[in-house]
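Visitor: whatever this is, show me its structure:
(one chain, ligands or ions: 1)
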Amino acid sequence: MIPELLEEIRTCKMSSFTENDPVKKKLKIESDLYDAFHELFLKNNPSFFDAVEKFKDEITALGAYEIGSCNAADPDNGYCFTEALCTLKPTRHKLAFANIFLDAFVMLKKFITKKEIPTDDGKRVVLERLVKFLLNTEIQEALSQTRRCRDETDLTVLLAGHVFSQLAASPHFTMDDRKTNQPKVCPCRKDHGKIIYGNTSIGNLDVWHGCLDLIMEGADVVIYTLDGESETYRDLDSTEDMKPTHFDMTDNSAGSSLVQVAAETIVFSFYHRQIHPDHKNSLMPCIGVSPGGLVFYFYDCVHDVLLGSTHFPLTASAPFQLSFTAVIAAWLVLNHKHLCNGLSLIDLDAFPKAKFLSVAKNKIDVYRNELRRGQVGIRHANQVSLDPVSFVNSKFIVSSRVEELL
Ligand SMILES: [Zn+2]
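Guide: Predicted structure coming up:
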């Protein structure tokens, strides 16, 4: 029933059809949409209220991390994200997820309990994205296919079409054009608009750098997709054992998934600060994606704070139902420009620093001033040749006895 109603709203078959004034017509469509949300969605899905409440609980808390050994400022090399080494050490501090999205929860609470619509245009657009997504069961159903995706690119395309571009107020995205598999259509076979492939490189060859799997362009969110090497994507009907398909929350080794998410978040935060020095909020997010769910990392390059979430499964129950908690978290992060209040509620003097500014102090000016996006290239750590023939400006020693002999 809900998809049909949404279709009616979209095609103006309801009462708004008779309205000629375009502004009034738009308002009528909006109000029909909000009515549908309260009358149909909320009544049928009371667990949505619980999902909202969860963001003040420890179960969704963001952990603060301190960085130990790290190759972010190696004097001899700049490392690609896939070779990034960064020991993440848990601190004794956790933040409620809602701490950094207070205004968003004020808005959401007023909307679901009192049907209040925000007056601010930006926030209203963002709220409308969430409402439309939640009413659109058709777009959600394809997400039951995440474990059937052939590889990480298919998974990225599926989530870009069915989650990220649906929830973000700015739906445009660029996929990494170095992928060998570059599907033209979504794995669900439906057309959600053109999939744009392009150069997603970021950073500087002297420090951490590399290509991002996906960038949500207007939303300014980086997406990292867990690669297929350590994962097995297979048919759910298969009798073979399933390997875990989520982030290994204990792996701190170079190039591991969470280390890459952290490195990309840190670089993206510095890059964003470089091009938007005037922005009040300097806490920038990255979404890590696996076939089973999402993780969220945030880095604030001004206050040097690194936060990371637990794993948010996409599925709430079998048969397939999308987890409202994961949807709300993704919606908050994808619209952080409108919804995130940064660390403004936190007593930063009493909060642990990531210590990135000190571990990378030798090259911190590169992070602050010389990051680029596009055409960054890739430097491999072994690019410095160990072949003596290639030594530059080297001192060649031949003892006089050898000279005499030969
Ligand atoms: Zn699709």
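Visitor: the closest residue in space to Lys337 that isn't next to it in sequence - how many residues pack around it?
Guide: Leaving aside its sequence neighbours, Lys337 sits nearest to Asp220 (C-beta to C-beta, 6 or more residues apart in numbering; 6.4 Å). Glycine gets a C-beta too; all of them are placed from N, C-alpha and C. Number of residues near Asp220 (other C-beta atoms under 10 Å) recorded here: 20.
Visitor: per-residue confidence for Asp220?
Guide: For Asp220, the pLDDT comes out at 96.
Visitor: Asn77 now?
Guide: pLDDT at Asn77 comes out at 89.
Visitor: I figured it hits Asn71, correct?
Guide: Yes: in terms of C-beta atoms under 8 Å, Asn77 counts as a neighbour of Asn71; the distance is 7.4 Å.
Visitor: leaving out sequence neighbours, find the closest residue to the residue nearest in space to the middle of the chain.
Guide: By C-alpha atoms, centre = their mean, the chain has its centre lying nearest to Ile287, at 2.0 Å. Leaving aside its chain neighbours, Ile287 sits nearest to Ile223 (5.1 Å; criterion: C-beta to C-beta, 6+ apart).
Visitor: Validate this expectation: that neighbour resides in a helix.
Guide: No: Ile223 is assigned strand when assessed by DSSP: H, G, I helix; E, B strand; the rest coil, not a helix.
Visitor: which residues does it contact?
Guide: Taking C-beta atoms under 8 Å, 6 or more residues apart in numbering, we find Ile223 in contact with 156, 159-160, 164, 212-216, 286-289.
Visitor: tell me which element His94 is part of?
Guide: Quick fix: residue 94 is Lys, not His. strand 86-95 (DSSP states H and E).
Visitor: which other residues reach that strand?
Guide: 58, 61-72, 252, 258-259, 262-263, 306-308, 346, 351-352.
Visitor: average pLDDT across whichever helix or strand comes after it?
Guide: The C-terminal neighbour of strand 86-95 among helices and strands, as given by DSSP H and E, is helix 102-114. Per-residue pLDDT over helix 102-114 has a mean of 96.
Visitor: can you give me the buried ones in helix 102-114?
Guide: Ala104, Phe105, Met107, Leu108, Phe111, Ile112 (16 or more other C-beta atoms under 10 Å).
Visitor: mind checking the SS state of the nearest residue to Lys132 once chain neighbours are set aside?
Guide: Distance criterion C-beta to C-beta, 6+ apart; nearest residue to Lys132, sequence neighbours excluded, is Leu33 at 6.8 Å. Secondary structure, three-state DSSP: Leu33 is helix.
Visitor: count of neighbours near Leu33?
Guide: The tally of other residues near Leu33 (other C-beta under 10 Å) stands at 17.
Visitor: now do it against the ion, distance only.
Guide: Separation of Leu33 from the ion (C-beta to the ion, to the nearest Å): 22 Å.
Visitor: quick check: that residue touching Val131?
Guide: Yes: between Leu33 and Val131 there is a contact under C-beta under 8 Å: 5.9 Å.
Visitor: quick one: stretch 94-106 to chain centroid distance?
Guide: The chain centroid and the centroid of stretch 94-106 are separated by 17 Å under C-alpha atoms, centre = their mean, to the nearest Å.
Visitor: between the buried residues of helix 102-114, which is nearest Leu357?
Guide: Distance to Leu357 across those (C-beta to C-beta) is lowest for Ala104, with 28.6 Å.
Visitor: contacting residues for that closest one?
Guide: Leu332, Asn335, Leu339, Cys340.
Visitor: and this structure, which residues reach the ion?
Guide: Residues of the chain lying near the ion by C-beta under 5 Å from the ion: Ala142, Gly161, Cys186, Cys188, Lys190.
Visitor: select from those the one having the most neighbours.
Guide: Of those, with other C-beta under 10 Å as the count, Gly161 tops at 23 neighbours.
Visitor: who are the contact partners of it?
Guide: Gly161 neighbours (C-beta under 8 Å, 6+ apart): Cys186, Cys188, His192, Gly193, Ile195.
Visitor: OK, contacts around the last one?
Guide: With contacts defined as C-beta under 8 Å, 6+ apart, Ile195 is in contact with Val157, Ala160, Gly161, Met175, Gln182, Pro183, Lys184, Val185, Cys186.
Visitor: can you check the first one too?
Guide: Contact criterion C-beta under 8 Å, 6+ apart gives Ala142, Val157, Leu158, Gly161, His162, His192, Ile195 as the residues in contact with Cys186.
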